[in-house]
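J.: Predicted model and sequence follow; I will ask about them next.
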Amino acid sequence: MSRVRVLTTMILAAAVLVAPLSAVPAPDVTWKLPTIAPNGSPWHKALTDMAATWTKDTGGRVKAIVYPNSALGGDPSVVRNMRSGQVECSLLMLSGLALIDEGFNALGIPFFFKDDAETRAVVEALTPAIEKRISAQGFHLLGWTNGGWVQLFSKTQLKTLDDIKKAKLWTSDGDTKMVDWYKKNSFHPVPMDGKDVMGALRLGTIDATPSPAYPALLLNMHTTAKFMLDIHVGPLLGALVVTKKAWDAVSPEDQAKITAAAKTFEKTTSVDIPAKDAGAVGEMQKRGLTVTKMATKDEAELYAVIDKLVTSMRGDMVPAEMFDQAKAARDAYRAKGKAPVKSDR
């Protein structure tokens with residue numbers, strides 16, 4: 001055999017050995033995607049639209065089945081199932097995300113944000129650090145969502161901080177540090193799955209719950225909790241996450257397509273849904289909701305106490321470095337907004 005033929009045979013043999021390692025396509029996958037979002041809600045629709053886009057853009061290689069209304073359990077059980085490999089992807093709210101990593105709590109500090117623009121600036125600043133932290137936990141961040149500004153709905157009228165402390169207040173199931181924080185500061189938290197809130201209000205198990213106005217309207221919350229204290233606790237933030245095991249099983253090309261559709265979901269739900277808040281309050285008022293504004297003295301007392309309570313979260317509920325980074329990003333945004341505009345001339 002000539003030297004040329006020997007060399008050709010060796011090259012072909014090498015190609016046969018190497019090709020399977022580099023050219024084998026990723027297998028088709030179907031992800032379970034549970035969420036606490038109600039069936040038929042804007043989040044549910046946006047998720048199903050996103051899943052349809054994944055199927056279309058990947059040629060059917062990546063599909064997702066959306067399970068709304070806590071059909072596969074609340075956020076705590078979903079996070080457990082993601083860790084065990086039974087669930088691949090989910091839209092989780094901050095209380096559920098904190099079960100993955102407490103760094104998310106930096107975005108859930110009460111009365112920390114002033115408006116939507118400020119919220120977006122801080123979320124953008126913290127995203128790289130959060131991505132790094134959850135990657136170490138076996139998760140990948142696909143996108144964010146914003147459900148509007150959380151206010152306080154109640155069965156009896158709340159006017160003061162003392163009234164709020166006396167109320168049986170719903171808190172997320174599984175968020176034990178938040179429950180302990182409430183108790184330590186003389187509140188009366190009642191932890192449970194979000195899907196059970198309306199039933200608990202009717203039964204009297206709780207008599208107050210935080211919620212943005214638009215989700216409250218969708219749930220007809222005003223029919224049982226006929227009062228709303230207008231105090232804007234903070235934005236209802238959430239995120240779409242996938243396990244790294246599921247993510248790494250998808251080709252880079254399909255990962256890019258999945259990310260693009262997730263960013264569309266983020267834009268749709270983070271802008272369109274909060275914009276519905278004002279109209280939702282007005283609609284509920286037409287149906288009998290009473291909106292309460294705190295007296296100036298009572299509001300000043302509330303914020304003075306909250307400022308002290310928020311500081312106690314640093315290093316406990318919120319990792320110190322994440323608390324500091326969130327505060328620095330917020331303060332930098334506020335300083336930028338107050339800075340004089342420089343002329344280009």
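T.: Everything's here; your move. Numbering: from 1, shown residues only.
J.: Using the three-state scheme, assign the residue positioned nearest the centre of the chain.
T.: Centroid check for the chain by C-alpha atoms, centre = their mean gives Gly238 as the closest residue, at 0.7 Å. For Gly238, the assignment made with DSSP: H, G, I helix; E, B strand; the rest coil gives strand.
J.: thought it was touching Ser95?
T.: No: with contact defined as C-beta atoms under 8 Å, Gly238 does not reach Ser95; the gap is 9.5 Å. Yep, even glycine has a C-beta here, placed from its N, CA and C like the rest.
J.: how about the strands of the stretch 101-250 of the chain, start to end?
T.: Counting by DSSP state E, counting those that start in this stretch, one finds strands in the stretch 101-250 of the chain at the ranges 139-154, 168-172, 188-192, 208-212, 227-243.
J.: could you give the angle of the host helix or strand of Leu47 to strand 139-154?
T.: Element membership of Leu47 [criterion: DSSP states H and E] is helix 42-57. Relative orientation of helix 42-57 versus strand 139-154 (axes from the mean of the first three to the mean of the last three C-alpha atoms, to 10 degrees): 160 degrees.
J.: Remind me what helix 42-57 packs against, helices and strands.
T.: With contacts taken as 3 or more C-beta pairs under 8 Å, 6 or more residues apart in numbering; DSSP states H and E, helix 42-57 sits against strand 62-67, helix 252-267.
J.: Single out the most deeply packed of those.
T.: When the helices and strands packed on helix 42-57 are scored by mean count of other C-beta atoms under 10 Å, the highest mean neighbour count falls to strand 62-67 (a mean of 20).
J.: Skip ahead from that one and say which helix or strand is next.
T.: Assigned by DSSP H and E, the successor of strand 62-67 is helix 75-84.
J.: Okay, angle between that next one and strand 188-192 too, please.
T.: Using the same axes, to 10 degrees: helix 75-84 against strand 188-192 is 50 degrees.
J.: Please identify the buried residues of helix 75-84?
T.: 75-79, 81-82 (16 or more other C-beta atoms under 10 Å).
J.: Include mean pLDDT when you put the helices and strands packed on helix 42-57 into JSON lines, please.
T.: Formatted as JSON lines, the helices and strands packed on helix 42-57 follow (pLDDT from 0 to 100):
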{"stretch": "strand 62-67", "mean pLDDT": "98"}
{"stretch": "helix 252-267", "mean pLDDT": "97"}
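J.: right, and the ones you listed - which one's nearest Pro191?
T.: strand 62-67 (22.3 Å; C-beta to C-beta).
J.: related to what we said a few turns ago, turn the buried residues of helix 75-84 into CSV, columns for distance to Ala136 and pLDDT.
T.: Converted to CSV, the buried residues of helix 75-84 look like this (distance: C-beta to C-beta, whole Å; pLDDT from 0 to 100):
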residue, distance to Ala136, pLDDT
Asp75, 20, 93
Pro76, 20, 93
Ser77, 22, 95
Val78, 20, 97
Val79, 15, 97
Asn81, 20, 98
Met82, 15, 98
